[in-house]
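could you look at this predicted model? Sequence included:
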Amino acid sequence: MLLYLLIGYFLYRKNLVGNQGSMDMGRMLLYVIMPMAILNSYMREFDAEMLIALAVSFVLALFALLLSIFISRVIFQKEESVERFGAAFSNAGFIGIPLVQMTLGEEAVFYVASFVALLNILQWTYGVFIMTGDRSVIRFRKIATNPIVLSFLTGILLFCVPFEVPTILQDTIGTLASMNGPIAMIVLGTYLAQIPLKNLFTEKRVYQCTAARLVLIPAITLLVLALFPDIDRMIRLAVLIAAAAPVGSNVAIFAQLYGQDYTRAVKEVCLSTLFCIITLPLITAVANLVF
């Protein structure tokens, strides 16, 4: 994944991919590839035990997200809206799904999809409120038409009903799903290339947000998940990886959209993405010992 990130960094630095190309790849990832990765994980024969496990993963994901929101509110003041948003919401889509897919397999994506769907719902409700302080700007239409939420609901429907997707569609969806990891990291590499590396290490708030997102929140989440030894280890690991991912790239989009400090938001995304190369393996290694 680091090598994929470096490819994106190289492409941007060498002007082989520009800002528009980076944005277009991001849209392709959000609207096509990530939804296909989620759909692909649900195209399997119905199993009552897996449905129960999915419900368990949904509850764990909701608890983990509410925990991260609570911790971010305790650490950061109301006026530090960018940090509250960045610490609360991980990059579970761009980093979490590819990492779970590559390390735990397609079955684990089945469980982490609920985390990503809930994350998107909370970003467009609580996240918008953080950035604006105004509940009236929350648009539930954004949730209803969100490609991640739609793919999650469609996936559950496909899993529950006795309908077999035609082979040609299965192959197409599977191929697109396999692109998720490489494309996500290449896009993040282009984001990283847009900020001079020396500028990443100059703001105290950026460090604080990165530490909260990569160390404090994952550590507390790990301890809480360890209290439930009867829950399947794969489910707990999938939720933990999503919860331990770096600052979500949406913080920069929301900051720009609602007149917050966009530059600092981008720095938090980039610095946390850089440091997660160290923290994510450490968190998962500890989790393997504890779980």
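Okay, I see it.

mind listing what's buried along stretch 71-80?
Residues 71-72, 75-76, 80 are the ones in stretch 71-80 that count as buried (16 or more other CB atoms under 10 Å). Any C-beta I mention is one placed from the backbone N, CA and C, and that applies to glycine too.

in what helix or strand does the residue of the chain most remote from its centre lie?
Ranked by distance from the centre of the chain (CA atoms, centre = their mean), the top residue is Pro162, with 30.4 Å. For Pro162, there is no helix or strand it lies in under DSSP states H and E.

tell me the contacts of the nearest residue to it once chain neighbours are set aside?
Nearest non-adjacent residue to Pro162, counting by CB to CB, 6 or more residues apart in numbering: Phe46, 7.3 Å away. For Phe46, the contact set (CB atoms under 8 Å, 6 or more residues apart in numbering) comprises 159-160, 162.

secondary structure element for Arg236?
Using DSSP H and E, Arg236 falls in helix 233-243.

continuing past that helix, what's the next helix or strand?
Counting by DSSP H and E, what follows helix 233-243 is helix 250-257.

centre of the chain to that next one, how far?
Counting by CA atoms, centre = their mean, to the nearest Å, helix 250-257 is centred 15 Å from the centre of its parent chain.

the helix holding Arg236: which residues count as buried?
Neighbour counts over helix 233-243 (16+ other CB under 10 Å) mark 234-243 as buried.

what's next to it, contact-wise?
In this structure, residues lying in contact with helix 233-243 by CB under 8 Å, 6+ apart are 53, 56-57, 60-61, 64-65, 68, 90, 92, 96-97, 99-100, 103-104, 107-109, 111-112, 115-116, 119, 217-218, 221-222, 225, 228, 280, 283-284, 287-288, 291.

how about stretch 14-28?
The set of residues external to stretch 14-28 that reach it, using CB under 8 Å, 6+ apart, is 8, 10-12, 183, 186-187, 190-191, 194, 249.

if you set the cut-off to 7 Å instead, what comes out?
11-12, 183, 186-187, 190-191 (CB atoms under 7 Å, 6 or more residues apart in numbering).

right, and the pair among those residues with maximum separation?
Using CB to CB, these span at most 14.3 Å, a distance reached by Tyr12 and Ile183.

I'd say Met36 and Met179 touch.
No: using CB atoms under 7 Å, Met36 makes no contact with Met179, being 8.3 Å away.

which of these two has more neighbours?
Met36 (21 against 18; other CB atoms under 10 Å).

who's in contact with the more buried one?
The contact partners of Met36, by CB under 7 Å, 6+ apart, come to 173, 176-177.

flag every buried residue along the host helix or strand of Leu62.
Secondary structure assignment for Leu62, by DSSP H and E: helix 48-75. Neighbour-count burial for helix 48-75 flags 50, 53-54, 56-58, 60-65, 67-69, 71-72, 75 (criterion: 16+ other CB under 10 Å).

how about the helix holding Arg236 as PDB, C-alpha atoms only?
In PDB, the C-alpha atoms belonging to helix 233-243 read as follows (Å, rounded to 0.1, in the frame of the first residue of the first chain):
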ATOM      1  CA  ARG A 233     -12.000 -12.100  16.100                       C
ATOM      2  CA  MET A 234     -12.300 -11.200  12.400                       C
ATOM      3  CA  ILE A 235     -15.300  -8.900  13.100                       C
ATOM      4  CA  ARG A 236     -13.400  -7.100  15.900                       C
ATOM      5  CA  LEU A 237     -10.200  -6.700  13.800                       C
ATOM      6  CA  ALA A 238     -12.200  -5.400  10.800                       C
ATOM      7  CA  VAL A 239     -13.900  -2.700  13.000                       C
ATOM      8  CA  LEU A 240     -10.600  -1.900  14.700                       C
ATOM      9  CA  ILE A 241      -8.800  -1.400  11.400                       C
ATOM     10  CA  ALA A 242     -11.500   1.000  10.200                       C
ATOM     11  CA  ALA A 243     -11.500   2.800  13.500                       C
END
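
orientation of it relative to helix 48-75 in degrees?
Interaxial angle, helix 233-243 versus helix 48-75 (axes from the mean of the first three to the mean of the last three CA atoms, to 10 degrees): 30 degrees.

just the mean pLDDT for helix 233-243, thanks.
Here helix 233-243 scores 95 as its mean pLDDT.

quick one: that helix to chain centroid distance?
Mean C-alpha position of helix 233-243 versus that of the full chain (CA atoms, centre = their mean) differs by 12 Å.

residues touching the residue most central in space within the chain, list them.
Residue closest to the average C-alpha location in the chain (CA atoms, centre = their mean): Ala92, at 1.4 Å. Counting by CB under 7 Å, 6+ apart, Ala92 makes contact with 115-116, 119, 242, 245.
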